[in-house]
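Trainee: need coordinates for the following:
(chains A, B and C)
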Amino acid sequence: MGRGYNTIAFDAARCDGCGDCMTACAGAKTGTQDKTRSRIQIVGDASGGFELALCRQCGDPKCVTVCPAGALTKDGASGVIDWNAAKCVDCLLCTVGCAYAGIALDAGSGHVAKCDMCYESPAGSPACVPACPHGALTYITTSRIYNEVGDWEDLFAPGLAGCQGCNTELLMRHTLRRVGPDTVLATPPGCVPGMGSVGFNGTTGTKIPVFHPLLTNTAAMLAGIKRQYKRVGREVLALAIAGDGGASDVGFQSLSGAAERNEQILFMVVDNEGYMNTGMQRSSCTPYGAWTSTTPVGKGSGGMPSQGKTQDAKNLPLIMVNHRCEYVATASTAYMEDLYDKLDKAIEASKRGFAYLHVYSPCTTGWRFPTDQNMEVARKAVETNFVMLWDYTPGAGLRFTRPVDQPLPVTEYLKAMGRFRHLSPDQISHIQAKVVENLAFVKQMVHRASAPGGET
Amino acid sequence: MNTAALDVPDQAGPAKQKVILCEGNEAAALAVALARPDMVAVYPITPQSSLVEHVAKLIADGRMDADIVDAEGEHSVLSVLQGGALAGARTYTATCGPGLAFMFEPYFRTSGMRLPIVMSIVTRDGITPQSVWGGHQDAMTVREVGWVQLYCETVQEVLDTTVMAFKIAEHHDVMLPVNVCLDGNYLSYGTSRVELPDQAEVDAFLGVKNVNWHVALDPLRPMAVDPLTGGSGGKGPATFVRYRKGQCRGMQNSLRVIEEVHEEWAQRFGRRFAPLVEEYRLDGADYAIMTLGSMSGAAKDAIDEARDAGKRVGLIKLKTFSPFPVEALLKSLAKIQALGVVDRSVGFRWNCGPMYQETMGALYRLGRHVPSMSFIGGLAGADITVGHFHRVIEATEKLLSGPAPTEPVWLNERD
Amino acid sequence: MEQTKYLVVGSSHAALEAVTAIRMHDAEGSLTLVTRDTLLPYSPTVLPYVVSGRSAPGDVFLRDEQFFAANRVDYRRGAALEALHTGRNAAELADGSEIIYEKVLLATGAAPAIPPIPGLDQVKYHVLRTLDDATRLHAAISQSKHAVVLGAGLVGMHAAENLVKAGASVTIVEMAKQLTDGYFDPTAAQMIEKAFVDNGATILTGSRVVKLAPSAVGATLTLENGKTLEADLLLVATGVKPNMDFLGDSGVAHDRGILVGDSMQTSVANVWAAGDCAQAKSFFSDDKVMNSILPDATEQGRIAGMAMAGDPGLKHYPGGVPLNTYHFFGRHAISVGSSRLTEGAEVVTRFDEASGRYLKAIFKDDRLLGIYGVNEFFDGGVMCQLILRRVDLSAVKQRFLANPLAVGRELMSKLWR
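Mentor: Next up is the predicted model:
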């Protein structure tokens, strides 16, 4: 299996062309302030926007193949295409081979120059990225997940009966790859067994022990399993992948009880904001205004139209924080690195006590958006602060892991799906106000935001 | 606690049994300790509370090595034990009344998963009209979901049956959960002399524990537990039917196993209890009354007095109520011409006691008409006295010559 | 009889790309590579730099043995293809042995074309196609006082510059009316010529050697106009011809090179050809031409390899687009695309004498056909894409001409980044 590599991502919408990235690159690579010598090049367009020219560190690099001198090589470990000054003959053929302007003549040196991701720098990260004052550049290190996880065994069956574009399948596969085979998996009624985790009629969907708990007793059953293995001295991870309905509504008592007893469980909630498996009914995690099959849209009576759910969502992860669990975190599959960090911490925490991971998981079928838009919807939820990514430990308290300082208006999220199509301006105002209030509330809980190293 | 005798030197005798004085709840707790469960989950409820307090104290004092889970409710109590059992634990709990009602969802499921969990029901009436007093309404209400239910008559029988329950539940031909029913108030708090079996003897009696050979959640034996079955498509309902049929077979097997286990108990410990159906002075009787649980003591006294008075009456007492021991009962019913059945709960649908209703089904198999009637007594902790049983005997005797009433007789209606 | 699924003949750019492409799709099929070269693979394009001393002859190899081992290639050096017996899918090697192939790629490259000048066979002369040629020429340069270079293509011009820098008096003789004909336009060629003349070289364009004879220093050359030149070092760099003598009666159609179709297949089943030995279509016409440049060799080799392995991701060869770069006396020249002026073509030039920056662009229907620059750096690869994608430049043309580097990048970022 091939490797994945780190990469520099550019968000043109955030770029104002200030050129700080180029100054930083020129400084790091040439010791000058000459932006023309930067290996990352931002160019303005006629309409006031900005475009990027930067080596893509191609997997099948044309610059390497057209070099007659063997001066360019792709480094298998870093993925960076290396330029060897001793071998280069300055023929410039690489510049005609590259379709992306990723390698160009540096007039200052008379040689070609290209981005090497600063991979040999002590910081181990590119100089341009932190120099950007607008967050237009991001150093994406998600490749670590691909490289590590790709070699781990997929413990779910290759074919599952999920909806096309289902986010939960992604989550299931990643989670099980990470936790590995010494796990007992509880998948209470909902989408997870619905797509076949426990199988049908004698077949099984996983390669690890798996079962349907009741919708109501997931945490309690897992507690019994974990305790018995602990009693006989065996290290077995007790894992739940549960829906939001079963966790926040009818299963909440056993969840709360297990958390209070600090049972050594990793409880993951896949929050698709409703009872999606049974046909998209409302749960207490369904947000205000959302259409569901039990909060439908209609003309109502007495001049009061029915306009979706009339209450705000229950904030289950914050409730879990108030159990003072060993670990509580929110996560999103649109931010896999963040999710993996939290998964790692949750696994460790579950060896000491109760670990709770709440994953916001858009539902293409129930939320009414195209099947290829799952990541985009998940990302928009975070970028608008509709959901917030944070974690909590008793030692460090609560802290944002991906703070969004300049959130997009919540309409950017709402308009991405059909379940909010009917919203009135007043309802949208309510949701936006709720976003602001939620943010303020969580911020109050970030006691040690200024000491991010203080976690356990 | 009335367990001081536990600390005195062993009594003489082959069975090496200590004699103590204790209430039924404590007897149950001591039996649980003897059975060495891995896991006990508890939630307090009257009149069960002192039972789990005794268990907790035994563990706290180091006289019992079990993981105790103070769960947040009965629903979780049984769920924790299900998890434990699936991981290989011998498990125990106790409940009653509203607690049993609350745990009904996992309760229903325990038998379906064939988990040999032992649970005492310290029987309680209610739920509404509100009552914290004894009565069989709770256990009777859940009689149709595949648990074995054994009713005890005495504190000694509570102790002995509680130990035997583990052996019955874990028998490979059974693999079903077992309720040991002890009457709230009368057995739970009733204090009496009890012989306490020797731990080593109990260990030998119960043998090596293996509770999850058939279904497990174990990374060393990965399997999917309780996959979706049935439906009109795919493989159809065959899998589901196979499971259900297996449960019924396990229930029927348990009738034989209950007898075998009681026989072994008698031989090891010298105490013999009728495993399914007890006959008391039935030989030579023209008619009989039928009882369940602790009321049977008073009933036996009434029978003795009636016999002394020349009445040809005997007693049939059920110990095993679920599965209903039809064949064994038929042997007793074959001896009589009329029957009065005393229930400590009601069957709302048939306007009679539940045991009466079940017995009518057995009577049909007898192939001959035996006039019978239903008595309902002892609700909400009421005492069913010898006097009450004389009324029962008189009313039953009339069935030999007169018509049978269709209405039940409510024994404590004017008490 | 030895058998292999894939047989690749040759070991330079086209052959190496084919190996990689085959292995991308077929990790297991047996693959044999035979080459007449005894050295590890290297590029003919690097040889002028070996001549100049810029590149050490031991440090120019494109792959090592480990590459072939890792790709499970049976790699055989010093194994020249003697004859191709297509009737029985057999390749006969110089030592008489045969390899039965399922599919064969001919990537045999080209050899110097030696002009039929009377007396040339009587004198000592250099050519530059192998690493040995380069090493010999490198050694000879420092000894030379009077050097003559026949041919003003890029190979000849590179060598001439090295000779000038080494202190020799250098004369370049070229039949065409300009230097670097076919690579750069007359204006650029004049700039190149001026640079050479300024550095003391003599340029004889439109000139032809008609006779050679041995002399005391080396050779005496007689030109068409009767003048004579004395040379102690003579380099013949008058072009190349494909290596395809082995075709014999194989039935593989050939013209100036081996004729190939859209996926580099030849006229005979199971036989492909790529690189300098192949004659493939041009992007600008349906004519089949010799696209003897390095980028095209890699592209053709990759396409041939994908086709041989049955890779479903194969896209047809779009046709060759000339791409050339040239460094001379500290200046650089880049040419991308066609220099042919078809009907309706629009030519825009800009020249700044002070800075020596020259730009020429050819459009048709506001689509770029070709672009040329001297000391005007632009991203040749981006320009090539603008041509291949036939991008409509009407909205940006003036900006593009003013700054092809920035506007090219802007278009790239918008259209295909």
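Trainee: show me what contacts the residue nearest the centre of chain A?
Mentor: Central residue check for chain A by Cα atoms, centre = their mean: the C-alpha nearest the mean position is that of residue A:335, 1.7 Å away. Applying Cβ atoms under 8 Å, 6 or more residues apart in numbering or on different chains, we find residue A:335 in contact with A:379, A:382, A:389, A:402. Just so you know, the C-beta spots here come from the backbone N, C-alpha and C atoms, and that holds for glycine as well.
Trainee: in which helix or strand would I find the last one?
Mentor: Put plainly, it is residue A:402. Following DSSP states H and E, there is no helix or strand that holds residue A:402.
Trainee: excluding its backbone neighbours, what's nearest residue 258?
Mentor: Since you didn't name a chain, this refers to chain A. Of all residues not flanking residue A:258 in the chain, residue A:219 sits nearest, at 3.5 Å (Cβ to Cβ, 6 or more residues apart in numbering or on different chains).
Trainee: that's the wrong chain, I wanted chain B
Mentor: Across the structure, with Cβ to Cβ, 6+ apart as the measure, the residue nearest residue B:258 apart from its sequence neighbours is residue B:275 (4.7 Å).
Trainee: average model confidence for stretch C:152-170?
Mentor: Averaging the model's pLDDT scores along stretch C:152-170 yields 91.
Trainee: chain center to that stretch, what's the gap?
Mentor: Here the centre of mass of C-alpha atoms in stretch C:152-170, compared against the chain's by Cα atoms, centre = their mean, to the nearest Å, lies 18 Å away.
Trainee: that one: which residues count as buried?
Mentor: Taking 16 or more other Cβ atoms under 10 Å in any protein chain shown as the neighbour-count basis, stretch C:152-170 is seen to contain the buried residues C:152-164, C:166, C:168, C:170.
Trainee: restricted to strands, list these.
Mentor: Among the buried residues of stretch C:152-170, the residues falling in strands (DSSP state E) are residue C:170.
Trainee: go through the buried residues of stretch C:152-170 and flag which are in helices.
Mentor: Residues of the buried residues of stretch C:152-170 located in helices (DSSP state H): C:154, C:155, C:156, C:157, C:158, C:159, C:160, C:161, C:162, C:163, C:164.
Trainee: what's the closest of these to chain B?
Mentor: Closest to chain B out of those is residue C:154 (67.0 Å), distances taken as Cβ to the nearest Cβ.
Trainee: can I see the domain layout of chain C?
Mentor: C:2-111+C:241-309, C:114-236, C:330-415 (automatic domain parsing).
Trainee: what's the closest of those to residue A:310?
Mentor: Go through these one by one with Cβ to Cβ and the one that ends up closest to residue A:310 is domain C:330-415, at 45.5 Å.
Trainee: please name the nearest non-neighbouring residue to the residue nearest the centre of chain C.
Mentor: Residue closest to the mean C-alpha point of chain C, counted by Cα atoms, centre = their mean, is residue C:293 at 3.3 Å. Counting by Cβ to Cβ, 6+ apart, the nearest residue to residue C:293 once its immediate chain neighbours are dropped is residue C:323, at 5.9 Å.
Trainee: with residue A:127 instead?
Mentor: The shortest distance from residue A:127 to any residue that is not its chain neighbour, by Cβ to Cβ, 6+ apart, is 3.9 Å, and that residue is residue A:28.
Trainee: just give the number of residues close to that neighbour.
Mentor: A total of 17 residues lie near residue A:28 under the criterion other Cβ atoms under 10 Å in any protein chain shown.
Trainee: packing partners for the host helix or strand of it?
Mentor: Under the criterion DSSP H and E, the helix or strand holding residue A:28 is helix A:20-30. Using 3 or more Cβ pairs under 8 Å, 6 or more residues apart in numbering or on different chains; DSSP states H and E as the contact criterion, the secondary-structure elements in contact with helix A:20-30 are strand A:41-44, helix A:128-131.
Trainee: which strands and helices sit next to the last one?
Mentor: The helices and strands touching helix A:128-131, judged by 3+ Cβ pairs under 8 Å, 6+ apart, are helix A:20-30, strand A:137-140.
Trainee: make TSV out of these and add mean pLDDT.
Mentor: As requested, these are arranged in TSV below (pLDDT from 0 to 100):
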stretch	mean pLDDT
helix A:20-30	96
strand A:137-140	92
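Trainee: spit out the contact partners of the residue nearest to residue C:293.
Mentor: Contacts for residue C:323 (Cβ under 8 Å, 6+ apart) come out as A:93, A:96, C:293, C:295, C:296, C:335, C:336, C:380, C:384.
Trainee: let's go with 7 Å and repeat that
Mentor: Counting by Cβ atoms under 7 Å, 6 or more residues apart in numbering or on different chains, residue C:323 makes contact with A:96, C:293, C:295, C:336, C:380, C:384.
Trainee: cool, residue B:162 as well?
Mentor: Residues in contact with residue B:162, defined by Cβ under 7 Å, 6+ apart, are B:28, B:31, B:32, B:120, B:180.
Trainee: thinking again about what came up before, need the helices and strands packed on helix A:128-131 in a markdown table with distance to residue B:84, can you?
Mentor: As requested, these are arranged in a markdown table below (distance: least, Cβ to Cβ, whole Å):
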| stretch | distance to residue B:84 |
| --- | --- |
| helix A:20-30 | 58 |
| strand A:137-140 | 45 |
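Trainee: measure the nearest residue to residue A:383 once chain neighbours are set aside to chain C for me?
Mentor: With Cβ to Cβ, 6+ apart as the measure, residue A:408 is the residue that lies nearest to residue A:383, at 5.0 Å, once sequence neighbours are left out. Computed with Cβ to the nearest Cβ, to the nearest Å, the distance linking residue A:408 and chain C is 23 Å.
Trainee: residue A:225 belongs to a strand, doesn't it?
Mentor: No. Counting by DSSP: H, G, I helix; E, B strand; the rest coil, residue A:225 is not part of a strand but helix.
Trainee: and the residue in the stretch 301-415 of chain B that chain C sits nearest to, what does it touch?
Mentor: With distances taken as Cβ to the nearest Cβ, the stretch 301-415 of chain B approaches chain C most closely at residue B:323, which sits 63.4 Å away. Under the criterion of Cβ under 7 Å, 6+ apart, the contact partners of residue B:323 comprise B:148, B:251, B:252, B:254, B:255.
Trainee: and the host helix or strand of residue A:253, what's buried?
Mentor: Counting by DSSP H and E, the secondary-structure element that holds residue A:253 is helix A:252-260. Residues of helix A:252-260 classed as buried by neighbour count (16+ other Cβ under 10 Å): A:252, A:253, A:254, A:255, A:256, A:257, A:258, A:259.
Trainee: tell me what the helix or strand that comes right after it is packed against?
Mentor: Stepping forward along the backbone from helix A:252-260, the first helix or strand reached (DSSP H and E) is strand A:266-271. Packing contacts for strand A:266-271, counted by 3 or more Cβ pairs under 7 Å, 6 or more residues apart in numbering or on different chains; DSSP states H and E, involve helix A:167-179, strand A:237-243, helix A:244-248, strand A:355-360.
Trainee: and chain C, which of those is closest to it?
Mentor: Go through the helices and strands packed on strand A:266-271 one by one with Cβ to the nearest Cβ and the one that ends up closest to chain C is helix A:167-179, at 24.3 Å.
Trainee: can you list contacts of whichever helix or strand comes after that closest one?
Mentor: Scanning forward in sequence from helix A:167-179, with DSSP H and E defining helices and strands, the next element found is strand A:183-186. By Cβ under 7 Å, 6+ apart, the list of residues contacting strand A:183-186 from outside reads A:206, A:208-211, A:213, A:218, A:221-222, A:225, A:236-241, B:217, B:219.
Trainee: please name every helix or strand in contact with the following helix or strand past strand A:183-186.
Mentor: Proceeding C-terminally, strand A:183-186 gives way to helix A:191-194 as the next helix or strand, assigned by DSSP H and E. Contact here means 3+ Cβ pairs under 7 Å, 6+ apart; on that basis helix A:191-194 packs against helix A:167-179.
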